[in-house]
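K.L.:
Test case, fold it:
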Amino acid sequence: MIDRLHGITIFCEDIREELGNKVSLIGILPDNLNLSSIPGTLPKLGIYTRIHIPITWEPCALKMFMSAPGTERMLIGETSLELMAESLDMAKRLGGLNGGLTISTIAQSFHIPEPGRIVLECEAPNETFVTGSLNLGREAA
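P.N.:
Here you go, the predicted model:
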């Protein structure tokens, strides 16, 4: 059983919603992405984050922030207190140990001005934690 919020972010080329409340992640990226040229642009950057919530957690709103090379930290998604409460109620009814929420987005024509690291953070009222990062570098010539 978990005793605090935690999550993981997966970076990919595309995110597709399927029938039956399922999601497909297309072209999952490695942790270290070497690009042929920087500055450059990725046609699409999918960002899929799954948050696990302890069953005893007090429902709250969550916000997802992204920091990327050459940019300010920006809000890319959020969930409501009501959505978390619903997830926890369902987990309790089904005998689960934790609830879960997902936050995802697709950035079109994602500009990369310089090498560096994309970092995703989840912010709750009393804590902020990193859910994932993607290192961006140039391919060796």
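K.L.:
which element is the nearest residue to residue 24 once chain neighbours are set aside on?
P.N.:
Computed as Cβ to Cβ, 6 or more residues apart in numbering, the closest residue to residue 24 that is not its neighbour in sequence is residue 16, at 4.5 Å. (Each C-beta comes from the backbone N, C-alpha and C, glycine too.) Residue 16 is part of strand 6-18, with elements assigned from DSSP states H and E.
K.L.:
Residue 92 now?
P.N.:
Using DSSP H and E, residue 92 falls in helix 81-93.
K.L.:
Mind listing the strands the helix or strand just after that helix pairs with, and their directions?
P.N.:
Using DSSP H and E, the helix or strand that follows helix 81-93 in sequence is strand 98-112. Strands that pair with strand 98-112, judged by DSSP bridges, come out as strand 40-54 (antiparallel).
K.L.:
Low-confidence regions, the chain specifically.
P.N.:
Along the chain, the parts satisfying pLDDT under 70 run over 1-2, 141.
K.L.:
List the contacts of the spatially most central residue of the chain.
P.N.:
Nearest residue to the geometric centre of the chain (Cα atoms, centre = their mean): residue 49, 2.9 Å. For residue 49, the contact set (Cβ atoms under 8 Å, 6 or more residues apart in numbering) comprises 7-10, 64, 77, 102-104, 120, 122, 131-132.
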